[in-house]
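J.: generate a structure from the sequence data that follows.
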Amino acid sequence: MRRAPPGPVEWDTVRHSERYVIQRAPADSAVRCGDKVILPSALLEKVGAAAFDSENPLLVRVAARGTPGAPACFGTVLEFSAEAGVVVLPDWMVSHLGLSDPASALISILTGPLPKAEFCCIRPCSPAFFQFKDFRAVLEAALGTKYTTLTKGTTIGIDHLGEHWDLEVMAVEPEEVTPAACSILNTDVVVDLQPPLGPDGQPLVIPPSSAAAAHLGRQLSGSQLDVAPLVLGGETLVFSLASADPRYRYLPPFRVPLGTAATLVVNCVGSDSPAADFEIYLSDGLDKPTLEQHRLTCNVGEYVRAAEVAIPPLAAAVSYTVGVRPYGDAPSGMTLAAQLVPTDSREGFGHTSENAAMPMIEDGKVECSTCGSMVPAARAALHEAYCARNNTKCLICDRTLRKADRDTHWHCGECADPSFLATTVAGRDKHLKLFHVDIACPCGQFAAPLLALQRHFRDECPARRITCRFCFNEMAAGVGAEDAADRFRGYTEHESRCGSKTTQCHKCNAHIRRRDLESHAKLHMLDDASKTTALTSGVAAGRRPTEAERAAAWARAGFGPDTAAPAATPHSMPMEEDPSGGLDPVNPIAPSSLCRNVGCARSTSTPNTLGLCPPCWAALPPPADQTPKSVVKSLVKSYFAQLTKGCGFSQCTNSHCATANPSSGMSGSPAAALAVKLAQSALAGQVNLCLSESAVSFSSSVSALEAMGFPPEWASCALERTGSEQDAAVWLLANYTKYT
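T.: I've put the predicted structure just below:
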């Protein structure tokens, strides 16, 4: 039962208190989201040395009035750079105090720290907040970087992936100050997330699955078109755009099968004006692609009232979202038809194959040197004279066109080969406006033409979405990591911060940084191998150690005489000497089942959730416990590293490894999606982890023994007992028939 919080008391450690004019933080200011305030420089002298205490940030209490019961909240000082007599506050703080511009508030600078928070209850104001895969990680990242204090009764704001979210702080504990507030700096807080309220004042029911929650969030956004998703080779999708609404409209997400190249074909099939046109953008990592932030668009053919977007084949299934909006000042609405077709079957959409375009040679006909068509030989001279007088060939695309149409047949000289072609003035103007005018990136650090901006957003933009390799949540990449070693590893700003958090090792219970878990697990594996060597050294191959030999081996491994010996296992059964000098087990031998990792032939001597052998299990990032949820999370981390960085073993044959398939190296959302899929299927099916060189050699020996007629379980058992293929064969000949 939670203890009752102590009664509220008034704060009595006030260093300075005075009324100041309040100014709202600008929309692009770092103060807009968070509890940071900017004070005038004149206050720096009054505060003194307390302003430079890095461990305890300078606290500020902001109140609308000096009377008891007036709205108030707490914050921390960011800097002393405001104008004289002015204090800059975040927007949510001004709204909570009920102030209107211009207004003044009582600013009190405090000397003592707030109590450390133990519990807080937060309620998002929109159900769309629950669309994130790990909304708790989103909340933790936002609070950890933007907030130092939480005040009960306030509605704070956070930004994530370009969207603003309001959160209501319903409760904090302990309540030792007025108003109730706590510090969340360097402390562990129990966070209770409550569902938002509906129109009837009752809590909404959030769908349990992330997909359902994401769908709910898109419905509330108001920009989702109410149509069915596109299907490769499926029916044509027809929808309408209103010219009076310049906002983007988004089709439901669709998927393209693995390794399949497809083309999205969109045509304007109905409008009240021939000037009606549209823009189209695709993304595989954004719910709402725009001109400034997208992955694919139409950059071939004539982009007027029609568009073709080529979708390349990928090694993993990803979800694409399509954003469409009217182009320019469209005078009226329009109806569009969209269809997703395989790239190799696009005939019938205005394309012809090379064979169909080649003229057929017939007897009695000759080819015209101007237009290339076959004409009867008797009329060839007349045709060529007429054709040369009225037609001409384009020197770039080798097409025949009328001389009267030369002014509208235009190739863009700035585009890469094949050059862009426009046959109308509208097509030329649209191409120049969209592809050759500098567009500012929302990150504010880059401006370039469309295709260069596309590459910037994909590889460099701080606002691009990435899937964190540690928390597996979608985050803005941010600027590069501050630490040089993290930049060398390719960590983003968020990954550098997320990788510095600690988690507990399930084997030694030590608190290890997330970025060091992989190397820490390898140390455990090497330690286990060294202990195994110490336990078996000095014992002849082909027989089990005696009790005296086992005691000596345990001493060599670093264990004292008081250490309890491990329980007997099928590999350490009591033995009796037979007349021939060999050793027979007192109990029948029962080989363990083989490791479920594909290609591994070692036995599962130690039980675990996945049915892996000890070396394969030790290669995983240590899970918190043996529950399926923790094991899947550990598997996802291993698969993600395997898909993006590879295992480094030159002889690796794993199809899901970047080392074995360098050409199919993945990153970001596609790699994370495939890692989650493989991890979830591993609980019921096979595990696809990479094998070490020793594991490959062991499996090769098991295969050789299996070829001699022995079951793989017995072959693995024999190899683990004897250590060599030859001794294992001798052991099997002596024992296999005896115990089967």
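
J.: ranges for the strands of the stretch 251-400 of the chain?
T.: 262-271, 278-283, 296-297, 306-311, 319-326, 334-342, 365-367, 374-376, 391-393, 400-402 (DSSP state E, counting those that start in this stretch).

J.: out of those, which is closest to residue 526?
T.: strand 319-326 (41.0 Å; CB to CB). Glycine gets a C-beta too; all of them are placed from N, C-alpha and C.

J.: quick one: buried residues of the closest one?
T.: 319, 320, 321, 322, 323, 324, 325, 326 (16 or more other CB atoms under 10 Å).

J.: can you give me the distance of the fourth one to residue 372?
T.: Summarising the geometry, the distance separating residue 322 from residue 372, computed by CB to CB, to the nearest Å, is 38 Å.

J.: next one: the second one
T.: From residue 320 over to residue 372 the distance is 39 Å, taken as CB to CB.

J.: report the beta-bridge partner residues of the residue nearest to the spatial centre of the chain.
T.: Centre of the chain computed as the mean C-alpha position; nearest residue by CA atoms, centre = their mean is residue 467, 1.9 Å away. Bridge pairing for residue 467 (DSSP bridges) gives the partners residue 474.

J.: my guess is it contacts residue 672, does it?
T.: Yes - counting by CB atoms under 8 Å, residue 467 does reach residue 672; the two are 3.9 Å apart.

J.: shared neighbours, the two?
T.: Shared contacts of residue 467 and residue 672 (CB atoms under 8 Å, 6 or more residues apart in numbering): residue 640.

J.: what is the burial count for residue 685?
T.: 11 (other CB atoms under 10 Å).

J.: residue 201 now?
T.: That count, for residue 201 with other CB under 10 Å as the rule, works out to 6.

J.: can you tell me how far the closest residue in space to residue 443 that isn't next to it in sequence sits from residue 475?
T.: Of all residues not flanking residue 443 in the chain, residue 463 sits nearest, at 4.5 Å (CB to CB, 6 or more residues apart in numbering). According to CB to CB, residue 463 stands 11 Å off from residue 475.

J.: more neighbours, those two?
T.: Neighbours per residue (other CB under 10 Å) separate residue 463 from residue 475, with residue 475 holding more: 23 against 17.

J.: element containing the closest residue to that one other than its chain neighbours, please.
T.: Leaving aside its sequence neighbours, residue 475 sits nearest to residue 494 (CB to CB, 6+ apart; 4.6 Å). In this structure, residue 494 sits in helix 493-499 according to DSSP states H and E.

J.: tell me the strands beside the helix or strand that that helix is followed by, with direction?
T.: Sequence order places strand 502-504 as the next helix or strand after helix 493-499, per DSSP H and E. Paired neighbours of strand 502-504 in the sheet (DSSP bridges): strand 511-513 (antiparallel).

J.: which strand residues bridge the residue nearest to residue 294 when sequence neighbours are not counted?
T.: In this structure, residue 294 finds its nearest non-sequential neighbour in residue 281, 3.8 Å apart by CB to CB, 6+ apart. Here residue 281 sits in beta bridges with residue 297, residue 323, as judged by DSSP bridges.

J.: burial of residue 181, as a residue count?
T.: Neighbour number of residue 181 under other CB under 10 Å is 27.

J.: so how far is residue 679 from residue 724?
T.: Distance from residue 724 to residue 679, counting by CB to CB: 36 Å.

J.: so for these two, which residue has more residues nearby?
T.: It is residue 679, of residue 724 and residue 679, that has more neighbours when counted by other CB under 10 Å, with 21 against 13.

J.: figure out the helix or strand that the more buried one lives in.
T.: Using DSSP H and E, residue 679 falls in helix 668-682.

J.: can you map out the strands along the stretch 51-200 of the chain?
T.: 59-63, 72-82, 86-89, 103-110, 119-124, 149-151, 155-160, 163-173, 181-183, 190-193.

J.: let's have those in a markdown table, adding mean pLDDT and distance to residue 296.
T.: Formatted as a markdown table, those follow (pLDDT from 0 to 100; distance: least, CB to CB, whole Å):
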| stretch | mean pLDDT | distance to residue 296 |
| --- | --- | --- |
| strand 59-63 | 86 | 48 |
| strand 72-82 | 88 | 40 |
| strand 86-89 | 89 | 41 |
| strand 103-110 | 77 | 49 |
| strand 119-124 | 92 | 32 |
| strand 149-151 | 93 | 42 |
| strand 155-160 | 88 | 24 |
| strand 163-173 | 90 | 22 |
| strand 181-183 | 92 | 46 |
| strand 190-193 | 88 | 36 |
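
J.: now residue 365. Nearest residue, chain neighbours left out?
T.: Nearest to residue 365 is residue 374, by CB to CB, 6+ apart, at 4.4 Å.

J.: what's the answer for residue 103, then?
T.: Per CB to CB, 6+ apart, closest to residue 103 is residue 22, 5.3 Å.

J.: swap in residue 393?
T.: Counting by CB to CB, 6+ apart, residue 393 lies nearest to residue 400, which is 5.6 Å off, once chain neighbours are set aside.

J.: neighbours of that neighbour, how many?
T.: The tally of other residues near residue 400 (other CB under 10 Å) stands at 14.

J.: go ahead and confirm it touches residue 390.
T.: No - here residue 400 does not reach residue 390: they are 10.4 Å apart, not a contact under CB under 8 Å.

J.: rewinding a little: so for residue 246, which of the strands of the stretch 251-400 of the chain sits nearest?
T.: Closest approach to residue 246 among the strands of the stretch 251-400 of the chain (CB to CB): strand 319-326, 6.2 Å.

J.: so which elements touch the closest one?
T.: strand 237-241, strand 249-255, strand 278-283, strand 334-342 (3 or more CB pairs under 8 Å, 6 or more residues apart in numbering; DSSP states H and E).
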